[in-house]
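Trainee: Any chance you can model this:
(4 chains)
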4 protein chains.
Amino acid sequence: MIKAGIIGGAGYTAGELIRILINHPEVEIIFVHSESNADNNIVDVHSGLLGETSLTFTNQLDKLDAIDVLFFCTAHGDTQRFLDSHSLPESLKIIDLSTDYRQKREGNPFVYGLPELNRNEICHAKYISNPGCFATAIQLAVLPLANHHSLHELHVHAITGSTGAGVKPSSTTHFSWRNDNISAYKIFNHQHLAEIRQSICQLQSAFEAPINFVPLRGDFARGIFATLYTECNLTIEEAYSLYSSYYTDAPFTIVTKHNPDLKQVVNTNKCVIYLEKHDTKLVIVSMIDNLLKGASGQAVENMNLIFGLKQTTGLQLKSIGF
Amino acid sequence: MIKAGIIGGAGYTAGELIRILINHPEVEIIFVHSESNADNNIVDVHSGLLGETSLTFTNQLDKLDAIDVLFFCTAHGDTQRFLDSHSLPESLKIIDLSTDYRQKREGNPFVYGLPELNRNEICHAKYISNPGCFATAIQLAVLPLANHHSLHELHVHAITGSTGAGVKPSSTTHFSWRNDNISAYKIFNHQHLAEIRQSICQLQSAFEAPINFVPLRGDFARGIFATLYTECNLTIEEAYSLYSSYYTDAPFTIVTKHNPDLKQVVNTNKCVIYLEKHDTKLVIVSMIDNLLKGASGQAVENMNLIFGLKQTTGLQLKSIGF
Amino acid sequence: MIKAGIIGGAGYTAGELIRILINHPEVEIIFVHSESNADNNIVDVHSGLLGETSLTFTNQLDKLDAIDVLFFCTAHGDTQRFLDSHSLPESLKIIDLSTDYRQKREGNPFVYGLPELNRNEICHAKYISNPGCFATAIQLAVLPLANHHSLHELHVHAITGSTGAGVKPSSTTHFSWRNDNISAYKIFNHQHLAEIRQSICQLQSAFEAPINFVPLRGDFARGIFATLYTECNLTIEEAYSLYSSYYTDAPFTIVTKHNPDLKQVVNTNKCVIYLEKHDTKLVIVSMIDNLLKGASGQAVENMNLIFGLKQTTGLQLKSIGF
Amino acid sequence: MIKAGIIGGAGYTAGELIRILINHPEVEIIFVHSESNADNNIVDVHSGLLGETSLTFTNQLDKLDAIDVLFFCTAHGDTQRFLDSHSLPESLKIIDLSTDYRQKREGNPFVYGLPELNRNEICHAKYISNPGCFATAIQLAVLPLANHHSLHELHVHAITGSTGAGVKPSSTTHFSWRNDNISAYKIFNHQHLAEIRQSICQLQSAFEAPINFVPLRGDFARGIFATLYTECNLTIEEAYSLYSSYYTDAPFTIVTKHNPDLKQVVNTNKCVIYLEKHDTKLVIVSMIDNLLKGASGQAVENMNLIFGLKQTTGLQLKSIGF
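Mentor: Residues are numbered from 1 along each chain as shown, chains lettered A, B, ... in the order given. Next comes the predicted model:
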């Protein structure tokens, strides 16, 4: 059994991670750390777990020696602050869901944890930086083109559920405002653009074209629905062949020829990709559940790879359907 | 033109009041008072008014002499604090949307502003205490029975939209939580029970039976849908006759023989009442828009009555339909 | 491995059943029968299964000898018509999700499949009639009182998600109408009242009091939220003790002392029960997912019991959370 | 008083038109024609009108001589079929909400009824072809650029509410499917592209660049939220100046410097436009209510212009707010 600890246990990604791990056949949760909720029952915060666990949150770090893997479900900046101020056991694996280590830089020991891009490195990694949610949906939509060195200027619109904004109430997550509402934010300036470009350039080093990205806030809780297009001289058959081939060994990224809808992926770790060709442009629809393939599900996928488990272990989740 | 001022201008009921008054043919808004938003544009807070007004909020009270009516859209307790600490012009009419003066008591000069109950008193009133939203829906469902001295133990379930909880974000108005969710609160203990009982007893002084009231939080923004039942020895035809007769002169309370749905009243000042008889019990469905007939719409209705206007002036609102 | 067949495979309960069974460790789906979708891919209808199965629907019944259990996800009346016109292998187990065999009557060989009521009979049954969704939520709310012979007149309001109305589009499931809407239907006349009363009388044979039931249509897809109350001379502590004791061995029915919300049970097979005492009345909140504990989840629970598996096998589903 | 008739009275745009006209101070509705609902009460179909009208639908056309204006709220193709098979009074004005006469062609006597483009022609028109909903939102987003002869290749994503799909239930308007869901349709192929291009070319005749348009189905009932961008060598200040100048006399099209949200326009006849400049690209957000500025509201706006009324008469609607 893999023994796991979680830092930052009161937020949404931690809740989802616990909900996955509690049924994972090869994992035991040793502790869930939360300063703000120390000694509270986990089910009082993550109430969907009612009847499934009697664990309580802790504000102690005395069990770092008892675990094999430590998940950081921390606010951005907090993972780095934690690592800078604590010494961890040598053998401990780390999977960080924050943005802190996603960008390659001198001395950054973290592997970018997108299995469809870095599967081999992840299998041998000690430290994983888990991709962002928008970044996952957008990268999976274009990696086959980048790998084919044929990605051009990219046009992206993506609409996200409210859970992407976290557990803390705010004016843009206030139900009376958000219900039946749509709005755009961080137009052309979203912070995930950096990791998207980094991954594209890993495959297509000459890529310098613009990535025009309009993020939208949707009036639903879970999921990211992205539509993208780019100039492409492949036929639709060639494009499907390219994508299917690239994702042959990816158990969660599924290429479909049926125009899909977001709820196909909600509550699953899947990414569903759909293609259309119009004149010279290839249109790509890419959909994920932002809390699963976009966060905690992918974190468990990375854990499975690190520890030599089957990639899908504990992640064959029943889709919500409706 | 009636000159109006508003205290507590940044909340939801104030926003709705401004949206009504801005198109009211007999009203001019002189000032909208808000400590927290002083000098901000009103449209920056109540953004549905974009293009309709250039008014700004003020934290000054220098125009009390320039108005005919002052609306209090204040948090509960604040109207009383304001009146205790300010002296107002003798002739100024007051319409208070808070709970502060709803209960009759020695020295309370406010008339309870439910036109279907107190129309004559309202027409001659100086100070009006506007009813609560649940209280309006529930009273309108049972006043004909109380007037007929035949109301017995009352069973009430009512589900409310999120705007009833106001503008301030909280855990129970957080979109990720409230979307697709239902919950009960203040079971059998809601604060509106007092004003409901007071009005029933005004008509049926011997009424002492329980009012069993389960309030629910709904996953929509506007509206209250109440279902009630009570023992009743009237036939369904007699009951319809009793209700239709009682509401003959009420322009906004409509008795229907078609099973209704909440959106019929959303964005209107209507209350729609529907009846069924099952064995010995009369079932009553009662629906209002909590921000209109349940708050600001009824406040304007009261203003119309006080100033001798037609009761419906400025309140013939297009229903949302969908 | 248990070999399973499904009749009526294109509807919502069949979709949910397939989504469960596809990950059930002890089940193999042999065929999914649908007249209307013969030869279509199952994922084209139940698209949340994309990437999980290559099964197609069949309109043939040639594999009845190859299965151990046959699920009927049929419209009401169709199970009986099927059984009257086909002869089935002697050893075949049947689990019927329709209403056809829920009422006890001369010659009805089906056991009513509510494990919290009939666990032992189910373990030895050949034919199971799976309870209705409202019926499950309401019975689980009152069985401990009935077992204690102390149930009195019952007041029930319950709001259901749209999936309870099935896959066929209609005016009351039209999005433009139902979104943000609430309505009541079959007031005091819902067809599930018969099976509710039957189960209550199984435990408290003298029960003849009214069950006043107002069903509501909610503007969400999954879940039933029921609030009930009845006269009760137990203290709240005694009531909790009674309920906890009754459900000691029920793995999915959980009694909580925290006021719950519907999404705790969505996408799970749980029923969550919460109690409050007010004067002489006991208030009970009862929540289920109508497609799981209210239909296909409970069907699998019954299958597990019949075949001697652990009751929870394949049903430890991750809650949606949000 | 303008006397109005309506053909195709049972659909959503007809319902919205009636809800507007019933409160319009200068209009009397003479008849509402519907084959399918002949002799039914209008409130039984458009139930938000409860208490506001006792009109019934008619399947007779005997009052064509008694009206000044005839609105067609017909399915596409039906207006042309009607006009081809009926002779209408010479002086009768026609406002057609279908697509039948939007494209200029030899012998098409209809003026394209977008007041922000063709105000003068509309004022003197006899026959108006009312623009499509997506077409209105997109044109209003780019007309100032086209008028400035500086529109380039256009990138458009727009998400629409379900009322755009009409009153007839279907699989993509089934609540269980559409709730919390997002999907794309008619990618790069939407039928409104023709009228959009026609209007652009009316101002910028050399425009031949692609209009890349991805339409999305949203999980809300009312509204269109469009985000567009194009190469543009204006500064943001120049762009705002261009847009403000172009819309100076447009009472319903409002240019804002605050990032807006869809609900600002819901239940109003407004179009709200917002601009951002990023490198060489101008980003435009454009929002309307599809049933109002996108259909029936704009139809009334056109009627007001034809009959010499103030453009805003009967259209100063209270926004929903929430």
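Trainee: domains in chain A, as residue ranges please.
Mentor: A:2-130+A:293-306, A:133-290 (automatic domain parsing).
Trainee: So for the shortest one, mean pLDDT?
Mentor: Think domain A:2-130+A:293-306. Domain A:2-130+A:293-306 shows an average pLDDT of 97 in the prediction.
Trainee: does any part of it sit near chain D?
Mentor: No: when contact is scored as C-beta under 8 Å from any C-beta of the partner chain, no part of domain A:2-130+A:293-306 falls within range of chain D; the minimum is 14.8 Å. For the C-beta atoms, the positions are set from N, CA and C on the backbone; glycine is no exception.
Trainee: at contact distance from chain C, anything in that domain?
Mentor: Yes: on the criterion C-beta under 8 Å from any C-beta, domain A:2-130+A:293-306 is in touch with chain C at A:12, A:15-16, A:19-20, A:23, A:44, A:46-52.
Trainee: Relative to residue B:227, how far out is the spatially most distant residue from the centre of chain A?
Mentor: In chain A, counting by C-alpha atoms, centre = their mean, residue A:279 sits farthest out from the average C-alpha position, at 32.6 Å. Noted for residue A:279: a distance of 56 Å to residue B:227, by C-beta to C-beta, to the nearest Å.
Trainee: returning to what we had before: between the domains of chain A, which gets nearest to residue B:202?
Mentor: Proximity to residue B:202 (C-beta to C-beta) singles out domain A:133-290 among the domains of chain A, at 33.3 Å.
Trainee: hmm, the closest one touching chain C?
Mentor: Yes: using C-beta under 8 Å from any C-beta, we find that domain A:133-290 touches chain C at A:161-163, A:179-180, A:221-222, A:252, A:254, A:256, A:258, A:260-261, A:263-264, A:267-268, A:270, A:272.
Trainee: filter those residues down to the ones close to chain B.
Mentor: A:161, A:162, A:163, A:179, A:180, A:221.
Trainee: From those residues, list the buried ones, please.
Mentor: Buried residues within those, counting neighbours by 16 or more other C-beta atoms under 10 Å in any protein chain shown: A:161, A:162, A:163, A:179, A:180, A:221.
Trainee: and the third one, how far is that from residue A:304?
Mentor: Think residue A:163. 23 Å.
Trainee: and residue A:298, helix, strand or coil?
Mentor: In three-state terms, and counting by DSSP: H, G, I helix; E, B strand; the rest coil, residue A:298 is helix.
Trainee: Show me the residues of domain A:133-290 next to chain C that map onto strands.
Mentor: Per DSSP state E, strands hold the following members of the residues of domain A:133-290 next to chain C: A:254, A:256, A:272.
Trainee: For these, pick the one with the most neighbours.
Mentor: Within these, neighbour counts (other C-beta atoms under 10 Å in any protein chain shown) peak at residue A:272, which reaches 25 neighbours.
Trainee: beta partners of it?
Mentor: Here residue A:272 shows beta-bridge partners residue A:254, residue A:287, assigned using DSSP bridges.
Trainee: again with the one 5 residues further on
Mentor: With DSSP bridges as the criterion, residue A:277 is bridged to residue A:282.
Trainee: ok, back up a step: from the residues of domain A:2-130+A:293-306 next to chain C, pick the one nearest chain C.
Mentor: Chain C lies nearest to residue A:48 out of the residues of domain A:2-130+A:293-306 next to chain C, by C-beta to the nearest C-beta, at 3.2 Å.
Trainee: roughly how far apart are the residue farthest from the centre of chain A and residue A:210?
Mentor: 20 Å.
Trainee: Same check on residue A:238?
Mentor: According to C-beta to C-beta, residue A:238 stands 25 Å off from residue A:210.
Trainee: Residue A:58 touches residue A:37, doesn't it?
Mentor: No: Residue A:58 is not in contact with residue A:37 according to C-beta atoms under 8 Å; the separation is 9.3 Å.
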